[in-house]
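1. Structure for this input, please:
(one chain, ligands or ions: 2)
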Amino acid sequence: MTASSDRSHNPIVIDDELCIRCPLCDIVCPGDIIIRGERTKIDPPVVAYPAECWYCGLCEQSCPTSAITIVFPDRMIDPPLTFADLVDGR
Ligand code: SF4
Ligand code: SF4
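-> Ligands and ions are numbered 1, 2, ... in the order given. Presented below is the predicted three-dimensional model:
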(Lines give C-alpha, C1' and ligand atoms only; values in the text may rest on other atoms or scores of the structure.)
(Ligands and ions follow the chains in the order given, each with its own letter.)
Protein backbone atom coordinates (compact mmCIF):
# COMPACT_ATOMS: atom_id res chain seq x y z
CA MET A 1 0.00 0.00 0.00
CA THR A 2 1.20 3.47 -0.86
CA ALA A 3 -0.37 6.95 -0.96
CA SER A 4 -0.73 9.53 -3.69
CA SER A 5 -1.63 13.22 -3.62
CA ASP A 6 -3.04 13.13 -7.17
CA ARG A 7 -6.82 13.30 -6.87
CA SER A 8 -7.40 11.60 -10.21
CA HIS A 9 -4.75 8.96 -9.87
CA ASN A 10 -4.96 5.30 -10.85
CA PRO A 11 -5.65 3.38 -7.62
CA ILE A 12 -4.34 0.08 -8.96
CA VAL A 13 -0.80 -0.39 -10.19
CA ILE A 14 -0.01 -3.69 -11.88
CA ASP A 15 3.60 -4.79 -12.30
CA ASP A 16 3.70 -6.14 -15.82
CA GLU A 17 6.82 -8.19 -15.08
CA LEU A 18 5.25 -9.98 -12.12
CA CYS A 19 1.79 -10.49 -13.63
CA ILE A 20 1.23 -14.02 -14.92
CA ARG A 21 -2.16 -13.20 -16.52
CA CYS A 22 -4.02 -15.68 -14.31
CA PRO A 23 -6.58 -13.51 -14.17
CA LEU A 24 -7.74 -13.68 -10.56
CA CYS A 25 -7.93 -9.90 -10.11
CA ASP A 26 -10.66 -9.68 -12.73
CA ILE A 27 -12.55 -12.56 -11.14
CA VAL A 28 -12.48 -11.23 -7.57
CA CYS A 29 -13.07 -7.51 -8.17
CA PRO A 30 -16.62 -6.86 -6.96
CA GLY A 31 -16.93 -3.74 -9.10
CA ASP A 32 -15.57 -5.09 -12.39
CA ILE A 33 -12.96 -2.36 -12.22
CA ILE A 34 -10.14 -4.62 -13.37
CA ILE A 35 -10.76 -6.39 -16.65
CA ARG A 36 -8.60 -9.23 -17.95
CA GLY A 37 -6.61 -8.58 -21.13
CA GLU A 38 -8.27 -9.23 -24.46
CA ARG A 39 -6.00 -12.26 -24.94
CA THR A 40 -6.27 -13.53 -21.38
CA LYS A 41 -2.98 -15.43 -21.14
CA ILE A 42 -0.99 -12.83 -23.10
CA ASP A 43 -2.27 -9.34 -22.34
CA PRO A 44 -2.09 -7.88 -18.82
CA PRO A 45 -5.32 -6.88 -17.10
CA VAL A 46 -6.60 -3.35 -17.54
CA VAL A 47 -7.84 -1.01 -14.84
CA ALA A 48 -10.94 -0.03 -16.76
CA TYR A 49 -12.77 2.13 -14.22
CA PRO A 50 -10.19 3.52 -11.76
CA ALA A 51 -12.49 6.22 -10.41
CA GLU A 52 -14.97 3.56 -9.25
CA CYS A 53 -12.51 1.53 -7.16
CA TRP A 54 -13.48 1.51 -3.48
CA TYR A 55 -10.15 0.15 -2.25
CA CYS A 56 -11.44 -3.10 -0.80
CA GLY A 57 -8.07 -4.74 -1.43
CA LEU A 58 -9.37 -8.01 -2.82
CA CYS A 59 -7.34 -7.78 -6.01
CA GLU A 60 -4.11 -7.09 -4.13
CA GLN A 61 -4.77 -9.89 -1.65
CA SER A 62 -5.71 -12.40 -4.36
CA CYS A 63 -2.86 -11.82 -6.77
CA PRO A 64 -0.62 -14.91 -6.60
CA THR A 65 2.53 -13.02 -7.56
CA SER A 66 2.00 -9.79 -5.60
CA ALA A 67 1.88 -7.88 -8.86
CA ILE A 68 -0.77 -5.44 -7.62
CA THR A 69 -0.18 -2.40 -5.46
CA ILE A 70 -3.10 -0.32 -4.25
CA VAL A 71 -2.30 3.38 -4.13
CA PHE A 72 -4.52 5.22 -1.70
CA PRO A 73 -5.15 8.96 -2.21
CA ASP A 74 -3.63 11.16 0.46
CA ARG A 75 -7.08 12.33 1.47
CA MET A 76 -7.95 8.76 2.50
CA ILE A 77 -4.78 8.40 4.53
CA ASP A 78 -4.97 11.92 6.01
CA PRO A 79 -8.60 13.05 5.63
CA PRO A 80 -9.84 16.62 6.15
CA LEU A 81 -10.37 17.33 9.84
CA THR A 82 -13.06 20.01 9.59
CA PHE A 83 -16.07 20.68 7.43
CA ALA A 84 -14.36 23.82 6.08
CA ASP A 85 -11.36 21.74 5.00
CA LEU A 86 -13.69 19.31 3.29
CA VAL A 87 -15.54 22.06 1.38
CA ASP A 88 -12.30 23.79 0.39
CA GLY A 89 -10.81 20.51 -0.75
CA ARG A 90 -7.75 20.89 1.46
S1 SF4 B 1 -4.17 -11.50 -10.19
FE2 SF4 B 1 -2.06 -10.72 -10.39
S3 SF4 B 1 -1.03 -12.19 -11.72
FE4 SF4 B 1 -3.22 -12.55 -11.95
S5 SF4 B 1 -3.82 -11.31 -13.76
FE6 SF4 B 1 -4.16 -10.05 -11.91
S7 SF4 B 1 -2.26 -8.86 -11.66
FE8 SF4 B 1 -1.81 -10.56 -13.04
S1 SF4 C 1 -9.41 -2.63 -4.60
FE2 SF4 C 1 -11.35 -3.79 -4.72
S3 SF4 C 1 -12.73 -2.49 -5.95
FE4 SF4 C 1 -10.63 -1.75 -6.30
S5 SF4 C 1 -9.93 -2.80 -8.16
FE6 SF4 C 1 -9.24 -4.01 -6.36
S7 SF4 C 1 -10.85 -5.55 -6.02
FE8 SF4 C 1 -11.70 -3.94 -7.36
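2. Just want the phi and psi numbers for the most centrally placed residue in the chain.
-> In the chain, the residue lying closest to the centroid (CA atoms, centre = their mean) is Ile12, at 2.5 Å. Main-chain torsions, Ile12, degrees, to the nearest 10: phi -120, psi 120.
3. quick one: contacts for it?
-> Applying CB atoms under 8 Å, 6 or more residues apart in numbering, we find Ile12 in contact with 33-34, 47, 50, 53, 59, 68-71. No exception for glycine: its C-beta is placed from N, CA and C like everyone else's.
4. residue ranges with poor pLDDT in this protein?
-> Along the chain, segments meeting pLDDT under 70 span 1-8, 80, 89-90.
5. The protein: strands as residue ranges?
-> Taking DSSP state E as the criterion, the chain carries its strands at 2-4, 12-14, 34-35, 46-47, 68-73.
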